[in-house]
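Asker: Just a sequence and a predicted model for now, questions to come.
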Amino acid sequence: MGRLHYQARKIEGIKAGQVVSKDLKKRTTPGTFSKAAARDPILELDISGKKLTDDGLALFIDDLIGCIKFRDNDHPDGAAKVTELLLHGNELTTASLPKIAEVVALSAGDLREFNISMNNIQVNTPEEKLIWQMFLESFNNCYLLKKLDFGDNRLGTAGMEILARVFIHSDLDFLEADAEELLGTMHHDEESNLVEEMEALKINPGKENEGIRGRSKKTSNKAKGRSASSQIAPKALTKADLKRYACTRGLRSIPYLILSNTCTSNAAAIHLSSMLSIQRSPEHLLAFLPPGKALTLPDTTSQCNGIVWLPNDEIGPLARNMINMGESVRQALAEKYSDEEGYVSSGGGLSHSDSGDGTSRRKLQKKLDVQYTRQAKRVRMETLKNSGAHEVEIWITALKMMVVSRALLLEDKNRAAGKEATEQRESTPENSSDGQEQEHGVIIDTADAVDEVLDNKIPTIQTTDENDTPPRRLPIIRITSETEFELEYEFGVSIPSNEIYSRPQTPLASHQQKTTTTTTTRAHPNPNAASTQIQTWRYGLPFKLWRRIIAEAVGADGILNNKQQEQIMRYATDWDVIAYKLTIKGVEDYQQIWKFLETVDCFTYSSLG
């Protein structure tokens, strides 16, 4: 195994890049270390803390790629199989990521540890966002990676959102047939050659087979050498092992993802929380990885569960509490799964759980879920109030798709059904048994949550004729170019606005006392209800085709999944929703946006599957 470590050498910047380049060139024919690289191409590369900058990295990164790709008779596996790439503390920027991504992609079946922490990676401009996403996607086929460290880079809201998008959209579990395709034929050919030589040695033990025996012995020595470092040498693994390990891959398969000091806003914390909610425990993920040398992990690892997000001091206290609650929910959920199988952890072993313990766990899980939901609503509302929707791409994309869908697909011929449904709801008693609660005429999710989130600023409802709309601020989309939209607010705009209403929830009696007298109370419209769904869409085009057209127009593909897109379109084309919003007065813009995103489930990313 080759180690190129430079901590003891007093070189920095451009000089360090030149030295690394020189050492890498020696690994290819006819370099000084080419024979050693041919015997064992495994390479650990540690260039941490050398202040390389982008210029210093550029001096050797092509040489590293060349070593990985190099093939000749003596180097059938290349001159380098990178198992560790440590680049922390080098003042690198986003400009260096495309070349590093190429190294990662070429080392998908070898890389065990990658560290690019304590650099100057920031994600602000459209170009930086595109580079960052392509870099993250280069990890999609990595299946032996145990530790990935992005810590101490100011990724900000955009960087964390893109990380959450790639993380959540990526698959984790694969079939062995998929793993076979990923592994390719290289490992198969190596194993076949080794088996053939061993069989030849057994069948023809005579002197006439000394050449074969010699080659077999030489191969055996190589295998023995790799066995000593079998924790890091993928070639020492059997084909069956590799197929098993390759069945989990991508960012979600990494047991330790370090994100310390990367969140710079509460919006970033919202996306971080969405990642935490689906990440599996390190213990579960390590079961699909070969054993190896001990990892150096941050001190806060024990306080987190795989995704190490502490410390992140720029996150506000509300968002911090939300993440902590999310961690508790995930831990309780993991215990629930164990409980459903009839076993719970006990003193390092497993013991059968009784029914009473299972009931207690379920009650705790329900309580934690409610607390986390309330806290998440508060954080989302506060974030929209302080920062608006423009900071987050998924939010603005959902708003754009709603406005464009309404402009293209809302037709008068569908209005009668909406009016009929509205009249039916108006005739429903205020305390009906449909599980809805109204506070000042607004359907609320839970009493405590809405009361806290809205700071008791609940709008009142008035009876208003649909043709007599009072002047009010309505969100519109202003087209600034062929591909860009700008969300603005103006008074007296006559287009349908994106008034937001929550889904029906369980009523809470404690809030009935707060309800004020109104002339008319409308029940909350449900855009996805069967009675209000459109059967024939404009120009006779099917719903799925319209969805594809509008998604392409607003750039929703890859951001919103099909279900989210469909929910937005049905919301936008429901006349009942519009009739209901005309009765609402005094709702703040950020409250409207919050309710819309909650209704169509577009606050955070969901799996594309």
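Answerer: Sure thing, it's come through. Numbers count the residues shown, from 1 in each chain.

Asker: The stretch 101-250 of the chain: helices as residue ranges?
Answerer: Along the stretch 101-250 of the chain, the segments classed as helices by DSSP state H, counting those that start in this stretch run 126-137, 156-169, 176-183, 186-203, 210-228, 239-245.

Asker: Now do the contacts for the nearest residue to N321 once chain neighbours are set aside.
Answerer: Sequence neighbours aside, Q375 is the residue nearest to N321 in space, at 5.8 Å (criterion: C-beta to C-beta, 6 or more residues apart in numbering). (Each C-beta comes from the backbone N, C-alpha and C, glycine too.) Q375 makes contacts with L318, N321, M322, M325, as judged by C-beta atoms under 8 Å, 6 or more residues apart in numbering.

Asker: Specify which member of those residues is nearest to P98.
Answerer: Checking the contacts of Q375 against P98 by C-beta to C-beta gives M322 as the nearest, at 34.5 Å.

Asker: list the helices and strands the helix or strand hosting that closest one packs on?
Answerer: Element membership for M322 (DSSP states H and E) is helix 317-340. With contacts defined as 3 or more C-beta pairs under 8 Å, 6 or more residues apart in numbering; DSSP states H and E, the secondary structure elements packing on helix 317-340 are helix 266-276, strand 343-346, helix 355-387.

Asker: Can you say which of those is packed in most?
Answerer: helix 266-276 (a mean of 25; mean count of other C-beta atoms under 10 Å).

Asker: Now that one - C-alpha only, CSV.
Answerer: What follows is helix 266-276, C-alpha atoms only, in CSV (Å, rounded to 0.1, in the frame of the first residue of the first chain):
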residue,chain,number,x,y,z
ASN,A,266,-32.5,28.6,9.8
ALA,A,267,-33.5,27.8,6.2
ALA,A,268,-30.4,25.6,6.0
ALA,A,269,-31.3,24.0,9.3
ILE,A,270,-34.8,23.0,7.8
HIS,A,271,-33.1,21.1,5.1
LEU,A,272,-30.5,19.6,7.5
SER,A,273,-33.4,18.3,9.6
SER,A,274,-35.0,16.7,6.5
MET,A,275,-31.8,14.7,6.0
LEU,A,276,-31.6,13.7,9.6
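
Asker: Point out the other helices and strands that it packs with.
Answerer: Using 3+ C-beta pairs under 8 Å, 6+ apart: helix 266-276 touches helix 156-169, strand 307-308, helix 317-340, helix 355-387.

Asker: For R249, find the nearest of those.
Answerer: Closest approach to R249 among these (C-beta to C-beta): helix 156-169, 12.9 Å.

Asker: How about A376, nearest residue that isn't a chain neighbour?
Answerer: Nearest non-adjacent residue to A376 (C-beta to C-beta, 6+ apart): M322, at 5.5 Å.

Asker: Out of the helices of the stretch 101-250 of the chain, which gets the lowest mean score?
Answerer: For the helices of the stretch 101-250 of the chain, the bottom mean pLDDT is recorded on helix 210-228, which sits at a mean of 36.

Asker: measure G56 to E382 for me?
Answerer: 42 Å (C-beta to C-beta, to the nearest Å).

Asker: With L276 instead?
Answerer: L276 is 19 Å from E382, by C-beta to C-beta.

Asker: For the spatially closest residue to I315 that is not a sequence neighbour, which residues are in contact?
Answerer: Once flanking residues are discounted, I315 sits nearest to A269: 4.8 Å by C-beta to C-beta, 6+ apart. Contacts for A269 (C-beta under 8 Å, 6+ apart) come out as C263, N312, I315, G316, A319, R320, M322, I323, V379.

Asker: Now tabulate those residues in a markdown table and tack on pLDDT and distance to E161.
Answerer: Below are the contacts of A269 laid out as a markdown table (pLDDT from 0 to 100; distance: C-beta to C-beta, whole Å):
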| residue | pLDDT | distance to E161 |
| --- | --- | --- |
| C263 | 93 | 11 |
| N312 | 94 | 15 |
| I315 | 93 | 15 |
| G316 | 92 | 17 |
| A319 | 95 | 14 |
| R320 | 94 | 18 |
| M322 | 94 | 16 |
| I323 | 93 | 16 |
| V379 | 96 | 15 |
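
Asker: The chain - how does it break down into domains?
Answerer: 2-179+248-294, 181-245, 316-387, 389-599 (automatic domain parsing).

Asker: that older thread, give the buried subset of the contacts of A269 as a PyMOL selection command.
Answerer: Buried subset of those, written as a PyMOL selection, criterion 16 or more other C-beta atoms under 10 Å:
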select buried, resi 263+312+315+319+320+322+323+379
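
Asker: out of the contacts of A269, what pair is the most spread apart?
Answerer: Applying C-beta to C-beta across the contacts of A269, the maximum distance is between N312 and V379, 13.9 Å.

Asker: got a list of what the residue nearest to A376 touches?
Answerer: A269, I270, S273, Y372, Q375, A376, R378, V379 are the contacts of M322 under C-beta under 8 Å, 6+ apart.

Asker: which strands and helices sit next to the strand or helix carrying Y571?
Answerer: Taking DSSP H and E as the criterion, Y571 maps to helix 562-572. The contact analysis (3+ C-beta pairs under 8 Å, 6+ apart) places helix 562-572 against helix 393-409, helix 543-554, helix 589-599.

Asker: Need the CA coordinates for the second one. CSV is fine.
Answerer: Coordinates of the C-alpha atoms in helix 543-554 are reproduced here as CSV (Å, rounded to 0.1, in the frame of the first residue of the first chain):
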residue,chain,number,x,y,z
PHE,A,543,-53.3,15.8,-16.9
LYS,A,544,-49.9,14.0,-17.0
LEU,A,545,-49.0,15.8,-20.2
TRP,A,546,-49.9,19.2,-18.7
ARG,A,547,-47.8,18.3,-15.7
ARG,A,548,-44.8,17.6,-17.8
ILE,A,549,-45.3,20.8,-19.8
ILE,A,550,-45.6,23.1,-16.8
ALA,A,551,-42.8,21.3,-14.9
GLU,A,552,-40.5,21.9,-17.9
ALA,A,553,-41.5,25.6,-18.1
VAL,A,554,-40.8,26.4,-14.5
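
Asker: packing partners for that helix?
Answerer: With contacts defined as 3+ C-beta pairs under 8 Å, 6+ apart, helix 543-554 has these neighbours: helix 393-409, helix 562-572.

Asker: Recalculate using a threshold of 6 Å.
Answerer: Packing partners of helix 543-554 (3 or more C-beta pairs under 6 Å, 6 or more residues apart in numbering; DSSP states H and E): helix 393-409.
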